[in-house]
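J.: no letters, just coordinates:
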């Protein structure tokens, strides 16, 4: 009887204390904190990625869209990067779906067929559809005040002309700073929240994802979102983001 | 906007910097011309957000700010100004103005100035379009140079660069300098491009030192030597790409205004929280009343103008703008006194 009381009472007391402490902490700092168990997001981001920078740069899919072919793509390839080059936007869906981790985008002569605003229109479309997409603005026109949005929206800038070491430095810094599992985990959670998924469901997804990151072979990416993705586009987005997250751990 | 241009737009007389200017229809008030206090000039120096100032002769003065330049319409009498003696009011009745009229005109001046600025920007932009092609052509040359160096021996690009013959690396560095100078033009046209992109770790010592050889060529004509002083390892600091223009501007400036057969010292030292960089050169020092203005757009010291040195007075202004975006600033101070001495330009970067 005592054991039953303890097993029911202790969690209730701990829960009540946690609730009170959480409310007090929130009213003082304005931030949320759980005191007696780890937050699922923290639990996820605490999983250490086993791969170093050299491996990470091989796994980062870089796409260069530049009609002038001035980007030193060959040098990136010979330095162990995964890099592809398009002279103009060949497949907008691939860009919107987030098939590339970093897109190096020129502003002129790359997407007239898709947008009157050329590269700027593409950049806006990608950022609207997939805000976590990393984009480097690569152009010789940073003097153009009317194209200021192009530079503001991009995550990084490379002004033409630039030497290989400078470009490589910029790309490397971007990989280190922004191509991180934490960033994609946050994007995934934000995406779920914007779809009005309940906290309970989100926590369940986080737990499943955590198991997957720790190498649980029984878990499958598609199964995690099966119950909540009622439209194909959303399902693909969630799978895309999760695949990117997994890239840091497999 | 230059005062000469403002004088064609404004009907009223005004003060700018330390000078009194006539308006398009009204000359300077005679009382102002003979005024000893010259409060309006003091107001102009210290003015912040207030728009209206009353001088010791009880004339009304109105502050106008166009971009970074301050003008003050001076020597006017507002209709409701009851502090000015009646005799003076009667004698200077052509300077009577009502509040609404002055507000409307100030708004119109601001609109005109804005229109002129936009026109200038759009003209510059149109003229700069040609640079887009030059940049693309240069980007191709740069790529060829990169591919050439990649054929050298070495495990990575930096090692290959070290194995490249010195004449080729000099050429490679010169190409980088041209790239930077082209980038500097972008910033001159679109000041917002200073902070485009994100801040990344950079080493200011290396940024300067990289230019050593190239500027040594330039300095040779005047038999100037560039020397370096540093107190050990200069750490990295987070900065926008535009910081690379600072060494170009300051070294170029130092060479341009140095006396022949002299030495330019580039000094780096580290405090607990900052890197302090000082560029000292020997030459004619800048008179006290010109020191603030040398950091303004299109401004050059009188000696620079009279000496016929090439330049449009943008370098130091640009250096200041770049450093301001990095939470820093640039200062000038002469040492060793007199008309000739050491010209020192100093800035600090947070570690």
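T.: Noted; the coordinates are in hand. These numbers were taken from a predicted model, which means no experiment stands behind them.
J.: please see if stretch B:319-327 touches chain A.
T.: No - Stretch B:319-327 lies out of reach of chain A by C-beta under 8 Å from any C-beta of the partner chain, never closer than 13.9 Å. C-beta here means a position set from N, CA and C on the backbone, and glycine is covered the same way.
J.: contacts for that stretch next, please.
T.: The list of residues contacting stretch B:319-327 from outside it, by C-beta atoms under 8 Å, 6 or more residues apart in numbering or on different chains, reads B:187, B:191, B:194-195, B:239-240, B:242-243, B:245-246, B:249-250, B:295, B:329-330, B:347, B:349-350.
J.: contacts only, for the residue lying closest to residue A:78 once chain neighbours are set aside.
T.: Closest residue to residue A:78 apart from its sequence neighbours, by C-beta to C-beta, 6 or more residues apart in numbering or on different chains: residue B:150 at 6.7 Å. Residue B:150 makes contacts with A:74, A:75, A:78, A:164, B:157, B:160, as judged by C-beta under 8 Å, 6+ apart.
J.: burial count for the closest residue to residue B:19 other than its chain neighbours?
T.: Spatial nearest neighbour of residue B:19, excluding adjacent residues (C-beta to C-beta, 6+ apart): residue B:3 at 6.8 Å. By other C-beta atoms under 10 Å in any protein chain shown, 16 other residues sit near residue B:3.
J.: and for residue B:124?
T.: Counted with other C-beta under 10 Å, residue B:124 comes out at 15.
J.: same check, this time on residue B:320
T.: The number of residues packed near residue B:320 is 20, by other C-beta under 10 Å.
J.: ok so it is a helix residue?
T.: Yes - judged by DSSP: H, G, I helix; E, B strand; the rest coil, residue B:320 forms part of a helix.
J.: residue contacts, whichever residue of the stretch 251-351 of chain B sits closest to chain A?
T.: Per C-beta to the nearest C-beta, residue B:318 is where the stretch 251-351 of chain B lies closest to chain A, at 13.4 Å. Taking C-beta under 8 Å, 6+ apart, we find residue B:318 in contact with B:184, B:187, B:188, B:245, B:249.
J.: which of those fall in helices?
T.: Residues of these located in helices (DSSP state H): B:184, B:187, B:188, B:245, B:249.
J.: how about JSON lines for the residues you listed, with pLDDT, distance to residue A:245 and neighbour count added?
T.: Output for these, formatted as JSON lines (pLDDT from 0 to 100; distance: C-beta to C-beta, whole Å; neighbours: other C-beta atoms under 10 Å in any protein chain shown):
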{"residue": "B:184", "pLDDT": "87", "distance to residue A:245": "41", "neighbour count": "18"}
{"residue": "B:187", "pLDDT": "84", "distance to residue A:245": "38", "neighbour count": "22"}
{"residue": "B:188", "pLDDT": "81", "distance to residue A:245": "43", "neighbour count": "19"}
{"residue": "B:245", "pLDDT": "94", "distance to residue A:245": "39", "neighbour count": "22"}
{"residue": "B:249", "pLDDT": "94", "distance to residue A:245": "45", "neighbour count": "21"}
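J.: from those residues, which are also near chain A?
T.: Residues of the ones in helices among the contacts of residue B:318 in contact with chain A (C-beta under 8 Å from any C-beta): residue B:188.
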